[in-house]
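Colleague: Sequence first, then the predicted structure, then my questions.
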Amino acid sequence: MLKKLARCIREYKKDTIITPIYIIFEVILECIIPMVIADLVTKIQYGCEMDVVIKYGVILVLMACFSLAFGGLAGASSAKAACGFAKNIRKDLFYKVQDFSFENIDRFSSSSLVTRLTTDVSNVQMAFMMIIRTAIRAPFMFVFSFVMAYVKVGKLASVFVVVVPILLFVLIMVIKTAMPLFRKVFKKYDALNNSIQENVKSMRVVKSFVREDYEKEKFTYAAEDVCADFTKADKILAWNTPIMQFCLYVVMIFVLYVGSYVIITTKGANINVGSLSAMLTYGMQILMSLMMISMIFVMVTLSVESAKRIVEVLDEESTIKNVEGEQLQFDVKDGSIDFEAVNFKYAKKASKMALSNINLSIASGETIGIIGGTGSSKSSLIQLIPRLYDVTEGTVKVAGVDVRKYDLESLRNAVAVVLQKNVLFSGTIKENLRWGNKEATDEEILEACKLAQADEFIQRFPDKYDTYIEQGGANVSGGQKQRLCIARALLKKPKILILDDSTSAVDTKTDALIRKAFAEYIPDTTKIIIAQRISSIQEADRIIVMDGGTITGVGTHVELLKNNNIYREIYTSQNKAGDKDEE
Amino acid sequence: MEEKRQNNTIKKVLKYVKKYWGLLLFSIVLAFVSVLLSLYIPILVGDTIDEILGMGQVNFIQVKRLLIGSLILAVITALCQWIMNIINNKITFQVIRDMRKEAFAKIQELPLKYVDTHPYGEIVSKIIADVDQFADGLLMGFTQLFTGVVTIIGTLVFMFSIHWKIAIVVVVLTPISLFVARFIAKRTYNMFRVQSEYRGEQTSLIDEMVGNQKVVQAYTQEEEILEKFDDINEKLSEASLKATFFSSLTNPCTRFVNSIVYAAVGLSGALSAMNGGITVGALSCFLSYANQYTKPFNEISGVITELQNAMACATRIFEFIEEENQVLEGAKIIDEADGNVRLSQVCFSYVPEVKLLENFNLSVKPGQRVAIVGPTGCGKTTVINLLMRFYDVNSGTICIEETDIRDMTRRSLRKNFGMVLQETWLKAGTIADNLKMGKPNATDEEMLKAAKASHAHSFIKRLPNGYDTYISEGGGSLSQGQKQLLCIARVMLCLPPMLILDEATSSIDTRTELKIQEAFARLMKGRTSFIVAHRLSTIQEADIILVMKDGNIIEQGDHDSLMKKNGFYANLYNSQFITVQQ
């Protein structure tokens, strides 16, 4: 896992390596300063000249400056390394996601991908920064202070050998008990978050069912819960500082006690007051570094989860990509489509086939209607054509060539699908439409919108084609959105145009106008229309009736009325009142 | 102005804290004690050092006494700090909880206009992120600001009492540490703001694109988006580089100032010691003070940025909490309305510039059916918004059972309506939870009966856990038709006297639709209903047809009279319904 992430350091390797070096220098200087002062104190105790004191002063200031310089350098290089690292991870993740097939996306769910790209990366960035700075600094400081203390006062330094393990034990205990609690709280936090989001989104439901009080109560319960857990977790963490300080004082007292004892017994032969004061400073540094180590520990464990989630995405192999090593087709010759003994299921593990034994051949320029109940796999069928999913068995051919032999981009440019879930993106109408074709001229855009019957309402907007569309197309109605999406698809000038129930919110009259425009202006394009309303498809050259993942009938409106039960049933149910009217 | 607002915010924050003033006071006392003790210990240590001056000249009894004293003090200090930490945490988390509760309750009180015009994310981030930020600031403020100030004052007093000359050296050096701290804090604050702006921009790009990855791929837009992404990623990286760099300067700078102060004290102390003005023990004590003295300055500057941030968050939260509530409601309660609905001289528009309804009159008798007809986007939801009082009329009145709906409680008004709309409203929970939403105390038998009556029972039965199947927000894996059946069953369970229905057109197969129609018919029996209609039969059978266009009701009457009028409806009818039959 680490290896995978480390690969994202790339051009920031130099900064990553040099940061610890700067920090080591900084630490060394910091450790020498107390020693110099200790020397000074000893010298003064035995009496010395003024110029010696000044010399020491200059040395001290110089060392402080150097320490600052190294600290600054370390800061710069670590910031560069950490930010660069995060940038690269985000880039890798985002590129990876762009390569994902629908199957991959289904597996992760898009909201979880978003969290991985944002929050998780931030967590890992913080941890990385910690590791290259503090994780080097703290242990080094620890060791160096220990060595210095030993050099200065000899055996007396062994007090740390006793105190440090005790402190370490306590710190680890504290963290160990607090960590699971924190994890639990974070999970509850997500729940709280969701509860708010859901309530804001479906405010009309809550209000119309007069459920405000119930929701308030539910929320209060959740908030109470989070509050209690946090208090509990922090109660444990609250031990940290007092214990640290206490240990510090204990070390101080112990040093002084033993120190004074040693001074008496050895008559000050190997210890003096200056060393004692240095010893105290080192004690402080040792304990502080311990504290830091425990903090790093917390940070790193918290971010391990995030790192795991990131690597999961990086490790995921796209299930659909251009076949390597084979001669790819870049040119889609016409709009004919063939399904040959196609079986398809969404996940390898799924027990049920979404499509089974589909054989179908569509000529270029034909208009095909598809109708059938929910769950009859109409959408699954058409998603195989632009290779949004790959078949499980059998082959799908476009213009006589297996879709897997095409370059993906060329294939998808030739096959335009208006998906059931219509989406517009934040940007002007023009920008949205140019998704279909970057280089589309204004005239082409106008023409496509006229075909899709969108021009009429766009002209009524104050800013016409420059009207800004909010994220998700929040400021246009469902029917308008659908027409814009159709126009967008038309701009691709596709060989095959697929409308997956994309005129459902458009009224019948406009729907008819759109179909008429298709027939007149793009006669050579193969058009596949999935619809619920018979009126949307009854003029199609052929209509396919689907049920439970199989084709139960293919034919014209008249033929199907005669020999397909499901079709007839649908027709009569939709036209009951109309029949009466005609009589 | 700005200052006044900040003062206001502080006042409001204090109001939340007031509830816990006893704890707060206790915490302040503890902070005071622990700081004083931790300042006193160095004096004892210094005294001890003075007792061991020279070779073999140690007053051992005195040393022992002093050390035991320090040990006891150390224990007390640690205890005080511990209790203080716990109290502070407690106060903070409870204040958070109080604030969240209030903010959440506020959501329920807000007029829909607010929710319709603000992105969800913004509201959520106010209740979660802003409250968190505020709390962090508060916690830090409690623990550090106070102890910091006490430490500074305490050390100054002790230092002056030991040796005023050296103390003055320290005071003179203070501005350096203040200056450095402020410089860094200010820079970092700005940098972090820039960083969070870019981060927000990037998050919304990721959210939009990854959220709709399927569309992106269907249009082979990957490369264009990667370009956009790279651009913003680069910008974010640069901004965060600056922010991180400045913030990482804090520690080295602090240490630098510390070292300087430390050296200055050491030197001036050494000089005085040479002249016999200070004992070596006092000097060592001084050195430890110098260390303690500079630290809070850096902490305080951090705390101040944090507090500023917290205040900004608090202001945002209060703005939200104080957002104007929906207009007050009346007090009348009508348990079961008779179904009489009358709109007289109603004028309404969402924004003043675009007039929608003007002097609209409509009278519906109990049990009548009103069909709302019109092309897409003609504003059919407006009527619903007004009837349910999601929005209020600008002028005119809407009466139910001859009572102005503004005189009724919202609760009783909405209880009298049942709604089934195309955008189905399911919440995360089990099927049973969702069904019982309108009538939480319904028995399982009642629920079952309603589900059967609305043809939902057969598919619910086939779900893995039947009525206890958990569905995620928005209905999860249920089909559009199934979701709508559930919504019908839900209304069927509480059977309100008036209905608002939306005939579905999209994504529902005919068999399911037949079931829905039947369920609708059963539901409407004897009830006043408003139907957003798409099918001919519904429209023809309606008692009143409202024809809407561009948000306005342009014609009104029954089928025959409207056909005779030969206006927009007749035109619509001829073009939409007759052509189908060719």
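Modeller: Sure thing, it's come through.

Colleague: Residue B:339: neighbouring residues, count only.
Modeller: Per other C-beta atoms under 10 Å in any protein chain shown, the neighbour tally for residue B:339 reads 21. Just so you know, the C-beta spots here come from the backbone N, C-alpha and C atoms, and that holds for glycine as well.

Colleague: try residue A:261
Modeller: 16.

Colleague: Could you list which residues are in contact with it?
Modeller: By C-beta atoms under 8 Å, 6 or more residues apart in numbering or on different chains, the residues touching residue A:261 are residue B:60.

Colleague: Residue A:467 too?
Modeller: Listed by C-beta under 8 Å, 6+ apart, the contact set of residue A:467 reads A:428, A:429, A:458, A:461.

Colleague: Just the buried subset of these, written out for ChimeraX, thanks.
Modeller: Those of these that count as buried under 16 or more other C-beta atoms under 10 Å in any protein chain shown are selected in ChimeraX with:
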select /A:429,458
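
Colleague: Wait, residue B:23 touches residue B:93, no?
Modeller: No: using C-beta atoms under 8 Å, residue B:23 makes no contact with residue B:93, being 11.8 Å away.

Colleague: The two: which has the busier surroundings?
Modeller: Set residue B:23 next to residue B:93 and count neighbours by other C-beta under 10 Å: residue B:93 wins out with 22 against 16.

Colleague: and that one, what does it touch?
Modeller: By C-beta under 8 Å, 6+ apart, the contact list for residue B:93 reads A:227, A:230, A:231, A:234, B:135.

Colleague: Tell me the secondary structure of it, please.
Modeller: On the three-state scheme (DSSP: H, G, I helix; E, B strand; the rest coil), residue B:93 is labelled helix.

Colleague: ok, it to residue A:180 distance?
Modeller: Residue B:93 sits 18 Å away from residue A:180, going by C-beta to C-beta, to the nearest Å.

Colleague: any idea which element residue 14 lies in?
Modeller: Just so you know, I chose chain A. Using DSSP states H and E, residue A:14 maps to helix A:13-45.

Colleague: you looked at the wrong chain, it should be chain B
Modeller: Going by DSSP H and E, residue B:14 is part of helix B:2-18.

Colleague: and that helix, which residues are buried?
Modeller: With burial defined by 16+ other C-beta under 10 Å, the residues of helix B:2-18 counted as buried are B:9, B:13, B:16, B:17.

Colleague: CA atoms of stretch A:492-500 as CSV?
Modeller: Output of stretch A:492-500 as CSV, limited to C-alpha atoms (Å, rounded to 0.1, in the frame of the first residue of the first chain):
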residue,chain,number,x,y,z
LYS,A,492,-22.3,15.0,-32.2
LYS,A,493,-23.8,14.3,-35.6
PRO,A,494,-23.8,10.6,-34.6
LYS,A,495,-24.3,7.6,-36.8
ILE,A,496,-26.5,6.1,-34.1
LEU,A,497,-28.7,8.2,-31.8
ILE,A,498,-30.2,6.6,-28.7
LEU,A,499,-32.9,8.2,-26.6
ASP,A,500,-33.4,6.3,-23.4
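
Colleague: picking up where we left off before, list just the nearest of the buried residues of helix B:2-18 to chain A.
Modeller: Set against chain A, the nearest of the buried residues of helix B:2-18 by C-beta to the nearest C-beta is residue B:16 (13.6 Å).

Colleague: Pull the contacting residues for the closest one.
Modeller: Counted by C-beta under 8 Å, 6+ apart, residue B:16 has contacts B:95, B:98, B:99.

Colleague: would you list those in TSV and tack on neighbour count?
Modeller: As requested, the contacts of residue B:16 are exported to TSV (neighbours: other C-beta atoms under 10 Å in any protein chain shown):
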residue	neighbour count
B:95	21
B:98	16
B:99	22
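
Colleague: mind checking which helix or strand the residue in chain A that chain B sits nearest to is in?
Modeller: Closest residue of chain A to chain B, C-beta to the nearest C-beta: residue A:71 (2.3 Å). Secondary structure assignment for residue A:71, by DSSP H and E: helix A:50-99.

Colleague: That helix: how far from the chain's middle?
Modeller: Offset of helix A:50-99 from its chain centre (C-alpha atoms, centre = their mean, to the nearest Å): 29 Å.

Colleague: quick one on the thing from earlier: just put the contacts of residue B:16 in CSV and tack on distance to chain A.
Modeller: Formatted as CSV, the contacts of residue B:16 follow (distance: C-beta to the nearest C-beta, whole Å):
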residue, distance to chain A
B:95, 10
B:98, 9
B:99, 9
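
Colleague: Show me the contacts of residue B:93 that map onto helices.
Modeller: The helices, defined by DSSP state H, take in A:227, A:230, A:231, A:234, B:135 from the contacts of residue B:93.

Colleague: Report the separation between the residue lying closest to residue B:563 once chain neighbours are set aside and residue A:438.
Modeller: Distances taken as C-beta to C-beta, 6 or more residues apart in numbering or on different chains put residue B:570 closest to residue B:563, at 5.2 Å, once the chain neighbours are dropped. Per C-beta to C-beta, residue B:570 is found 46 Å from residue A:438.

Colleague: the more surrounded of these two?
Modeller: Between residue B:570 and residue A:438, residue B:570 has the larger neighbour count (other C-beta under 10 Å), namely 16 against 10.
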